[in-house]
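Colleague: Need a 3D model of the sequence below.
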Amino acid sequence: MIAVSLALILALIPLPGQAADTDAHTGLVEVIVREATPATSIAETLVTDLGGTVLRHLEIVGGFSASVPLSALESLADSEAIEAVTPDGTVQLLARKFGENDSGTESSLRHLLGTVGADAFWASGYAGQGVDVALIDSGVVPVNGLSGSGKLVYGPDLSFESQSPQLRNLDTYGHGTHMAGIIAGRGHDAPDSLTAIDDRYFTGVAPKARIVSVKVGAYDGAVDVSQVIAAIDWVVQHKNDNGLNIRVLNLSFGTDSSQPYVLDPLSHAVEQAWHSGIIVVVAAGNDGNFVPLRDPALNPYVIAVGAADTKETLTTSDDDVATFSNCVKGGRTVDLVAPGVSVVSLRAPGSYADVTYPEARVGTNLFKGTGTSQAAAVVSGAAALMFSKYPKATPDQIKGLLISTATKISKGKLNSCDGGGTLNLAAAAEAYLYVPNTYQSIQNWTASTGTGLLEGSRGSSHVENNGVVLTGEQDIFGMPFDTSVWGPMAARGTTWSGGDWNGTTWSGTTWSGTTWSGTTWSGTTWSGTTWSDVDWADQSWTGTTWSGTTWSGTTWSGTTWSGTTWSGGSWE
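Modeller: Model (predicted):
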């Protein structure tokens with residue numbers, strides 16, 4: 001979620017606006033050091049000279065983590081050999097301790113596929129073919145499982161890393177690759193005729209679907225809600241461009257906004273995606289069973305997904321709602337739950353999580369994670385299967401069918417914690433495209449206006465630059481964000497004009513992908529990593545570190561992301 005908690009996501013980063021913890025005994029603080037290009041040994045030497053220790057190299061972000069005296073931070077930041085110094089997200093988890101709720105066993109994705117019955121769709125010839133799933137996340141690395149022809153298309157990179165050629169579109173944190181693998185991963189050696197789960201091949205829930213990656217999160221989790229809203233708007237306006245067929249949008253992201261869904265801009269953005277024919281799947285959050293859902297899961301149109309603990313068995317009789325999964329009695333609750341504990345998917349080599357948490361690695365190519373992020377990805381894959389079988393179905397119909405065929409979990413903490421129950425694709429595959437009125441085949445909730453506050457959508461999560469926090473009604477460029485103007489434009493699908501959104505050109509990079517036309521965005525471009533000329537809070541953006549947003553939603557129990565391309569290996 002974003003830190004807007006990106007349920008997603010990454011529960012490994014310091015809380016918004018919070019510096020890295022300082023050891024009370026040693027006075028040392030753990031940081032991530034990004035080296036200037038070209039990298040030399042100067043930065044490492046400076047750390048040592050200032051009384052610090054280089055801990056581990058992070059190749060994909062062009063730097064290393066280190067333990068340094070608090071007094072050394074200013075000297076490091078002033079060095080021409082160093083591009084940025086940020087708090088190391090390993091020092092504090094957003095919601096839960098690292099590894100908590102993990103059984104320690106290697107629960108495979110193929111086991112999960114059997115639990116939810118995905119192969120029932122495969123056997124009838126529907127594996128997600130013809131369906132594109134938009135993934136707004138931390139990027140995707142085209143590793144084996146996502147590197148096949150027609151498997152991955154890159155939309156615009158709207159992250160703070162977009163102007164760095166070596167980082168553009170890549171998953172420098174590691175979360176997006178994991179989600180993409182769950183949704184639509186498929187090993188390069190898997191036969192096209194695959195109709196059943198086969199231990200020899202890696203496959204996601206919808207192995208023939210295609211991922212459209214729109215990157216918003218940087219390697220340290222830095223992302224503002226304005227970037228996410230811009231990404232959602234882009235998906236809506238470009239869902240059928242250049243051969244695309246985006247029918248599903250995965251958002252493992254959420255904030256603690258307290259605005260009503262009818263006013264909240266982020267909620268309005270996902271609702272417009274829904275009304276445009278895209279089913280939006282949102283992670284509920286990882287704050288606990290008695291905590292309200294995160295925004296935009298609060299919007300009643302979308303599919304809000306909680307996490308189930310399957311106890312690593314194929315039967316649902318012993319399943320339970322995960323203790324961290326958000327739900328609340330008497331308010332908007334989840335629509336259904338899906339497996340979200342100890343889920344094994346693709347590893348993003350060299351990413352922050354991979355290097356920092358090597359114990360989460362499973363075999364050579366995979367890693368294990370826990371959270372409502374993973375559960376949402378499972379349901380996004382399920383929605384892709386449904387659309388491949390029912391291409392003319394509406395989002396309302398697919399939502400109703402998924403809920404009406406779910407299996408209630410008898411051990412749920414509250415009656416509302418599992419919503420309609422746990423995902424049951426075997427039952428859905430046998431059902432006619434019929435949705436009982438009790439599950440609202442045509443949803444008629446009060447329409448949102450999006451005229452609330454952008455700052456309200458952020459909740460308690462903010463990005464900051466050199467100690468200055470981005471707040472108020474302005475986007476990452478410092479441009480005023482007028483929701484009374486943006487809301488109607490979002491409803492009409494006119495927020496993007498070429499590469500411009502909210503009056504500024506957001507990306508000057510060239511899109512790439514197997515079927516993308518390579519069109520270059522018009523207008524001026526971001527200049528390297530320097531954000532000069534744009535002023536907010538009396539500060540100019542000068543390419544220093546951005547930090548602060550949290551990607552909550554997952555616990556990485558043993559993943560590694562090492563920087564080279566995979567070759568060979570087994571899908572253990």
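
Colleague: Mind exporting the C-alpha coordinates of stretch 281-298 to PDB?
Modeller: Listed next in PDB are the C-alpha coordinates belonging to stretch 281-298 (Å, rounded to 0.1, in the frame of the first residue of the first chain):
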ATOM      1  CA  VAL A 281      -7.900  -4.700  -6.800                       C
ATOM      2  CA  VAL A 282      -6.600  -3.000  -3.600                       C
ATOM      3  CA  ALA A 283      -4.800  -4.300  -0.600                       C
ATOM      4  CA  ALA A 284      -6.700  -3.800   2.700                       C
ATOM      5  CA  GLY A 285      -3.600  -3.000   4.800                       C
ATOM      6  CA  ASN A 286      -1.500  -4.700   7.400                       C
ATOM      7  CA  ASP A 287      -2.400  -2.800  10.600                       C
ATOM      8  CA  GLY A 288      -4.400  -5.500  12.300                       C
ATOM      9  CA  ASN A 289      -7.800  -7.100  12.500                       C
ATOM     10  CA  PHE A 290      -9.500  -4.200  14.300                       C
ATOM     11  CA  VAL A 291      -8.100  -1.300  12.200                       C
ATOM     12  CA  PRO A 292     -10.200   0.300   9.300                       C
ATOM     13  CA  LEU A 293      -9.200  -0.400   5.700                       C
ATOM     14  CA  ARG A 294      -6.600   1.800   4.100                       C
ATOM     15  CA  ASP A 295      -7.500   4.300   1.400                       C
ATOM     16  CA  PRO A 296      -8.300   3.600  -1.500                       C
ATOM     17  CA  ALA A 297      -9.600   0.200  -0.400                       C
ATOM     18  CA  LEU A 298     -12.200   2.200   1.500                       C
END
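
Colleague: residue nearest the centroid of this protein?
Modeller: Asp137 (3.5 Å; Cα atoms, centre = their mean).

Colleague: now that one: how far from Leu73?
Modeller: Going from Asp137 to Leu73 by Cβ to Cβ, to the nearest Å gives 30 Å. C-beta: built from backbone N, CA, C; applies to glycine.

Colleague: For beta bridges, what are the partners of the residue nearest to the centre of the chain?
Modeller: Lys215 (DSSP bridges).

Colleague: Mind pulling up the pLDDT for it?
Modeller: If you check Asp137, the pLDDT there is 94.

Colleague: domain parsing for the protein?
Modeller: Listed by automatic domain parsing, the domain ranges of the chain are 19-91, 109-448+552-556.

Colleague: Of the ones you listed, which stretch is the most buried?
Modeller: domain 109-448+552-556 (a mean of 24; mean count of other Cβ atoms under 10 Å).

Colleague: Please report how far the residue nearest to the centre of the chain lies from Ala218.
Modeller: Distance from Asp137 to Ala218, by Cβ to Cβ: 12 Å.

Colleague: Same check on Gly52?
Modeller: Shown here: Gly52 relative to Ala218, a distance of 23 Å by Cβ to Cβ.

Colleague: Which helix runs longest in this protein?
Modeller: helix 372-389 (DSSP state H).

Colleague: I'd like the next helix or strand past it.
Modeller: Using DSSP states H and E, the helix or strand that follows helix 372-389 in sequence is helix 395-404.

Colleague: Find the nearest non-adjacent residue to Phe324, please.
Modeller: Leaving aside its chain neighbours, Phe324 sits nearest to Asn286 (4.5 Å; criterion: Cβ to Cβ, 6 or more residues apart in numbering).

Colleague: Now the one you found: which helix or strand?
Modeller: Per DSSP H and E, there is no helix or strand for Asn286.

Colleague: how far does stretch 312-321 stretch from start to finish?
Modeller: 13 Å (Cα to Cα, to the nearest Å).

Colleague: what about that stretch, distance to the chain center?
Modeller: 26 Å (Cα atoms, centre = their mean, to the nearest Å).

Colleague: What segments of the stretch 51-200 of the chain are strands?
Modeller: 53-58, 63-69, 82-87, 132-137, 152-157 (DSSP state E, counting those that start in this stretch).

Colleague: So which of those strands is nearest Leu454?
Modeller: strand 132-137 (17.1 Å; Cβ to Cβ).

Colleague: Where does pLDDT dip in the protein?
Modeller: Scanning the chain with the threshold set as pLDDT under 70 gives 1-26, 59-61, 86-108, 410-416, 432-441, 466, 507-572.

Colleague: mind listing the helices for it?
Modeller: Under DSSP H, the chain gives helices at 42-49, 73-78, 109-116, 119-123, 175-184, 225-237, 265-275, 352-356, 372-389, 395-404, 425-430, 454-458, 483-492.

Colleague: Quick check: which of those is nearest to Val141?
Modeller: The nearest among the helices of the chain, by Cβ to Cβ, is helix 175-184 at 4.9 Å.

Colleague: Give me the nearest residue to Ser484, chain neighbours excluded.
Modeller: Using Cβ to Cβ, 6+ apart, the closest residue to Ser484 is Thr451 (5.4 Å).

Colleague: Tell me, how many residues neighbour that neighbour?
Modeller: Using other Cβ atoms under 10 Å, Thr451 has 17 neighbouring residues.

Colleague: Tell me who's in contact with it.
Modeller: Residues near Thr451 by Cβ atoms under 8 Å, 6 or more residues apart in numbering: 263, 483-484, 487.

Colleague: Return the distance of it relative to Thr504.
Modeller: Applying Cβ to Cβ to Thr451 and Thr504 gives a distance of 21 Å.

Colleague: still on that earlier bit, would you reformat the strands of the stretch 51-200 of the chain as a markdown table and include distance to Gly187?
Modeller: As requested, the strands of the stretch 51-200 of the chain are exported to a markdown table (distance: least, Cβ to Cβ, whole Å):
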| stretch | distance to Gly187 |
| --- | --- |
| strand 53-58 | 27 |
| strand 63-69 | 32 |
| strand 82-87 | 35 |
| strand 132-137 | 18 |
| strand 152-157 | 14 |
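
Colleague: and Pro391, which of those strands is closest to it?
Modeller: Among these, the nearest to Pro391 by Cβ to Cβ is strand 132-137 (12.3 Å).

Colleague: helices or strands next to that closest one in the packing?
Modeller: For strand 132-137, the packing partners by 3 or more Cβ pairs under 8 Å, 6 or more residues apart in numbering; DSSP states H and E come out as helix 175-184, strand 210-215, helix 225-237, strand 246-251, helix 372-389.

Colleague: ok, 10 Å please
Modeller: Packing contacts for strand 132-137, counted by 3 or more Cβ pairs under 10 Å, 6 or more residues apart in numbering; DSSP states H and E, involve strand 152-157, helix 175-184, strand 210-215, helix 225-237, strand 246-251, strand 279-283, helix 372-389.
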